[in-house]
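K.L.:
predicted structure and sequence below. I'll ask about it afterward.
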Amino acid sequence: MGLKIDALTCTACMACELACGYHRDDAFALLSSCIVPYRAREKKNYIGVILKEEDSLIAARPEGTEISRIGQEQDPDKEADASAKPMLLRESCDLCEDLDDGPLCIRFCPVNAISME
Ligand code: SF4
Ligand code: SF4
């Protein structure tokens, strides 16, 4: 079981990032969040969401979802995603297991772009 993110629906409002930071630190600590939306500068209206799980980084993009195993050697010809580096230092998604009402990011996403699968 894990999170499923629909990047085509996401509006990059950052509510999930704030909610996750709050879940971690009881404060709006963005650097503690394990879910991060981003916009690509070079492409207008291009929005993706990166999620850190226990052993992988999930990049949900408009063209599809990419899963990178943490610790696995990356393709040297592939350009590194700058936003992925600080993600590796963060705690992994725990699906808000201590909350009775389920994941905060799902509850706060205004467009229902996040779901459980
Ligand atoms: S389920 Fe909880 S820990 Fe996982 S990304 Fe959402 S808010 Fe963060
Ligand atoms: S809360 Fe939903 S719409 Fe907002 S950035 Fe996160 S996934 Fe995207």
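P.N.:
Perfect, I can see it now. Ligands and ions are numbered 1, 2, ... in the order given.

K.L.:
next secondary structure element downstream of the lowest-mean-pLDDT helix or strand in the chain?
P.N.:
Lowest by mean pLDDT, DSSP states H and E among the helices and strands of the chain is helix 84-87, with a mean of 70. Scanning forward in sequence from helix 84-87 by DSSP states H and E, the next helix or strand is helix 104-108.

K.L.:
that following helix close to ligand 1?
P.N.:
Yes: using CB under 6 Å from any ligand atom, we find that helix 104-108 touches ligand 1 at L104, C105. (C-beta placed from N, C-alpha, C; glycine too.)

K.L.:
report the buried residues of the helix or strand following that helix.
P.N.:
Once helix 104-108 ends, the next helix or strand along the chain (criterion: DSSP H and E) is strand 114-116. Buried residues in strand 114-116, counting neighbours by 16 or more other CB atoms under 10 Å, are found at I114.

K.L.:
how about strand 114-116, does it reach ligand 1?
P.N.:
No: using CB under 6 Å from any ligand atom, strand 114-116 stays clear of ligand 1, coming no nearer than 7.2 Å.

K.L.:
other SSEs contacting that strand?
P.N.:
The helices and strands touching strand 114-116, judged by 3 or more CB pairs under 8 Å, 6 or more residues apart in numbering; DSSP states H and E, are strand 3-5, helix 104-108.

K.L.:
next, format the ones you listed as a markdown table and append mean neighbour count, mean pLDDT and distance to S33.
P.N.:
As requested, those are exported to a markdown table (neighbours: other CB atoms under 10 Å; pLDDT from 0 to 100; distance: least, CB to CB, whole Å):
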| stretch | mean neighbour count | mean pLDDT | distance to S33 |
| --- | --- | --- | --- |
| strand 3-5 | 20 | 96 | 13 |
| helix 104-108 | 19 | 97 | 9 |
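
K.L.:
among those, which is nearest L88?
P.N.:
Nearest to L88 among these is strand 3-5 (17.9 Å), distances taken as CB to CB.

K.L.:
any idea which helix or strand comes after that closest one?
P.N.:
Following strand 3-5 in sequence, per DSSP H and E, is helix 15-25.

K.L.:
check the offset of that following helix from the chain's centre.
P.N.:
With CA atoms, centre = their mean, to the nearest Å as the basis, helix 15-25 stands 11 Å off its chain's centre.
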